[in-house]
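K.L.:
need a structure here:
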Amino acid sequence: MSLKKIYLIILLLFFSSNIHAFSPYTATYDLYADTPMGDYKIGIAKFSLETNDINYIYSSSASTSSIWSALYKFSRQEKSIGTYIYNELVSRSYSIVENVGDNDEKNINIDFVPEKNYATYNNKKKWKITPGTLVDELSVYLALSQDVKNNPSHAEFTYQVALEDKVKFQTFIVEGNEVITINNEEINTTLVNCPDLDLTLNLSQELEFLPVLINKINKKNTFRMVLQSFEFSS
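P.N.:
Below is the predicted model:
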């Protein structure tokens with residue numbers, strides 16, 4: 001076999017491994033709020049990952065259950081669309097629709113044009129971005145899953161993250177391994193912390209380092225998502 005053919009086979013294998021880096025899945029989380037009045041389960045959150053070659057669509061929806069709606073009615077839908085190739089995650093668009101009570105609190109759409117190093121906010125405001133890994137508040141979970149899996153010796157990962165009002169570099173610190181218990185089952189996880197975002201994640205070592213526990217501090221309240229069901233999609 002010629003060197004040219006060997007090189008072509010290696011190139012195809014490498015390209016194929018990057019195309020199939022993500023496994024489509026659906027997951028459901030219980031949503032808890034730790035407030036000054038106590039710790040309560042207030043609703044559910046659902047995540048869905050769809051893939052097609054190098055492209056992905058990652059979406060999530062969260063809402064309070066009907067029993068809580070009279071006191072605190074909340075819903076939030078997010079969608080992230082992007083590409084993943086050669087170990088680089090690049091968001092192409094990110095949208096958020098959030099309602100509190102009967103009010104439309106947020107309706108945000110961010111479009112990314114990495115080829116020209118800018119992003120637009122609701123088709124008006126422009127933000128400057130730099131080349132390289134570009135994620136949003138949702139797709140950062142995918143980036144962490146891939147990077148922690150592929151680089152187990154790294155102590156931290158830094159991404160250019162599109163937040164709701166700006167694009168900013170954020171550093172996620174790997175705190176080490178932690179065994180947690182969910183539904184009386186022990187789960188081996190890797191604990192990751194982002195101090196700037198008041199966010200901690202437990203990534204399951206058995207489920208391709210996808211988050212099984214997410215803690216987020218928002219002002220005086222702590223919100224927690226605990227994985228309840230998970231299924232890889234075909």
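K.L.:
Ranking helices and strands of the chain by mean pLDDT, which lands last?
P.N.:
Using mean pLDDT, DSSP states H and E, helix 3-19 stands out as the lowest-scoring helix or strand of the chain, at a mean of 34.
K.L.:
quick one: contacts for the most centrally placed residue in the chain?
P.N.:
When Cα atoms, centre = their mean is applied to the chain, the residue found nearest the centroid is Tyr141 (2.7 Å). If a contact means Cβ atoms under 8 Å, 6 or more residues apart in numbering, then Tyr141 has Tyr58, Leu201, Leu210, Pro211 as its contacts. Bear in mind the C-beta positions are built from the backbone N, C-alpha and C, glycine included.
K.L.:
Which members of these occur in strands, if any?
P.N.:
If you go by DSSP state E, the contacts of Tyr141 have Tyr58, Leu201, Pro211 in strands.
K.L.:
which residues of this protein score low on pLDDT?
P.N.:
Low-confidence segments of the chain, defined by pLDDT under 70: 1-21, 35-37, 66, 68-72, 102-103, 219-220, 234.
K.L.:
now the helices: where do they sit in it?
P.N.:
Secondary structure of the chain (DSSP state H): helices at 3-19, 66-69, 140-150.
K.L.:
so who does Tyr159 touch?
P.N.:
Contacts of Tyr159 by Cβ under 8 Å, 6+ apart are Thr133, Leu134, Val135, Val140, Ala143, Phe169, Gln170, Phe172.
K.L.:
Thanks a lot, see you next time.
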